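Trainee: kindly return the folded structure for what I paste below:
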Amino acid sequence: MKYIAREAVGALFGSVQKIMEEHAEELCNMDAKMGDGDLGLTMKKGFSVLPGIIDDMEEKDIGKCLMKAGMKMASTVPSTMGTLMASGIMNGGKAITGSDKIGTQQFVSYLTGFAEGIAKRGKCKQGDRTVLDAVLPAAQKAKTFLELHPTASLKEVCDAALKGARDGAESTKNMAPKFGKAVVFSERASGVIDQGAYTGVLMIQGYKNYMDSL
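Mentor: Okay, the predicted model is just below:
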């Protein structure tokens, strides 16, 4: 696959919606041990609004489309994690403004912008045991892979991103939480993947599932 056309972007996010629905209970169970226990429901609801919004928009600029879709997601799930993911989508969209398709470079730019959006909105950095610990390594891994393999397919770049996300999430087992209610239950975090980072892995897996289906 060389690129994802504008008319297929809704389906791309539909694949993320599906995986969030499939793992909603798992995410809630993970979150219940460290927080409110509603993470799965939040992600399921938040990502459910994106495909329809994206498909119904007449906007041809994918970046602008994603910025608007992210704003809608933010209003739909105004929780901490909902706001972070929506901010990621909006900033990722901003990074690819002017694009009418998502090729390898746009995908890397989107992931990089996504990570930067989360870092800015959440005032967090890598190593703080958050979703950023998955999405930032995903962006970095994808970027490095594309630089080494400039003719790589979009699927190959996404594979690299997923590996980065998984490795990043795995590293959170050795991190202490610094935000939210998870701080109170910090002793439970040892040896356990952060639920936010795992959500980041699922998002990248959703992109990959779509690419694998074509």
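Trainee: okay, and the helix or strand of this protein with the least pLDDT?
Mentor: helix 24-32 (a mean of 95; mean pLDDT, DSSP states H and E).
Trainee: after that helix, next one along is what?
Mentor: Counting by DSSP states H and E, the next helix or strand C-terminal to helix 24-32 is helix 39-48.
Trainee: so, low pLDDT: which residues of the protein?
Mentor: When residues are selected by pLDDT under 70, those of the chain lie in 180-187, 189.
Trainee: that one: helices as residue ranges?
Mentor: Assigned by DSSP state H, the chain shows helices spanning 9-22, 24-32, 39-48, 50-56, 62-76, 80-95, 104-122, 132-148, 154-171, 195-213.
Trainee: which helices and strands does the first one pack with?
Mentor: To tie it back to what came earlier, the one meant is helix 9-22. Counting contacts by 3 or more Cβ pairs under 8 Å, 6 or more residues apart in numbering; DSSP states H and E, helix 9-22 packs against helix 39-48, helix 50-56, helix 62-76, helix 195-213. Bear in mind the C-beta positions are built from the backbone N, C-alpha and C, glycine included.
Trainee: so which of these is nearest residue 111?
Mentor: Residue 111 sits nearest to helix 195-213 of all the helices and strands packed on helix 9-22, at 8.1 Å, using Cβ to Cβ.
Trainee: buried sites along the closest one?
Mentor: Of all the residues in helix 195-213, those buried under the rule 16 or more other Cβ atoms under 10 Å are 195-211.
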